[in-house]
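Q: just coords:
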């Protein structure tokens, strides 16, 4: 699975320039992506090829990440690269963080494009004799009748997940 289109977006949108949890405020998303690539390949050269990156700068970025964290992520020998116990725990959390960021960006794109959100519609009773009822039966809408200041209103919501989609009977 290629994340090439999302990689630059994630890096430019979300950067950890000031993270109070880390000892060094220079931790960036690219460090996390580089770490995961090295783990998946267990070889700096192959990971660098996968990232379209040169091997020496990749190794420097991983060393910088280890300096930021304050512990080694890999056991390096001339012929192999293996995760340390701390690296294995960090890998699990890094993957979750990257998935969350990707999911959040996808969700924000949906909100920005109007695929997800709410629309309030005020109507009079006679509107139910027009096309309004057929519109409200659309399978992708969640319709919530509400009462605002003695008027009949509806809240139309476009759910963010397929599991929460409902329609009117």
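A: Perfect, thanks for sending it. Note that this is a predicted model, so its numbers are computed, not measured.

Q: okay, residue 117: pLDDT?
A: For residue 117, the model assigns a pLDDT of 72.

Q: what about it, how many neighbours?
A: Burial of residue 117 is recorded as 13 neighbouring residues (other C-beta atoms under 10 Å). Just so you know, the C-beta spots here come from the backbone N, C-alpha and C atoms, and that holds for glycine as well.

Q: and if you look at residue 65?
A: Neighbour tally, residue 65, other C-beta under 10 Å: 22.

Q: Residue 92 now?
A: Neighbour tally, residue 92, other C-beta under 10 Å: 10.

Q: Where do the strands of this structure begin and end?
A: 74-76, 81-83, 117-123, 142-148, 151-158 (DSSP state E).

Q: remind me, longest helix of this structure?
A: For the chain, the helix with the greatest residue count under DSSP state H is helix 85-113.

Q: Near residue 29, how many other residues are there?
A: By other C-beta under 10 Å, neighbour count at residue 29 equals 19.

Q: doesn't residue 101 make contact with it?
A: Yes - counting by C-beta atoms under 8 Å, residue 29 touches residue 101, with 7.1 Å between them.

Q: tell me the contacts of the nearest residue to residue 50 once chain neighbours are set aside?
A: Leaving out its chain neighbours, the residue that sits closest to residue 50 by C-beta to C-beta, 6 or more residues apart in numbering is residue 37, at 5.4 Å. If a contact means C-beta atoms under 8 Å, 6 or more residues apart in numbering, then residue 37 has 47, 50-51 as its contacts.

Q: Residue 42 too?
A: By C-beta under 8 Å, 6+ apart, the contact set of residue 42 is 80-82.

Q: Got the phi and psi for it?
A: Here is the backbone geometry of residue 42 (degrees, to the nearest 10): phi 50, psi 40.

Q: and it, how far is that from residue 117?
A: Using C-beta to C-beta, to the nearest Å, residue 42 is found at 44 Å from residue 117.

Q: repeat for residue 91
A: In terms of C-beta to C-beta, residue 91 sits 35 Å off from residue 117.

Q: ditto for residue 61
A: Distance from residue 61 to residue 117, by C-beta to C-beta: 39 Å.
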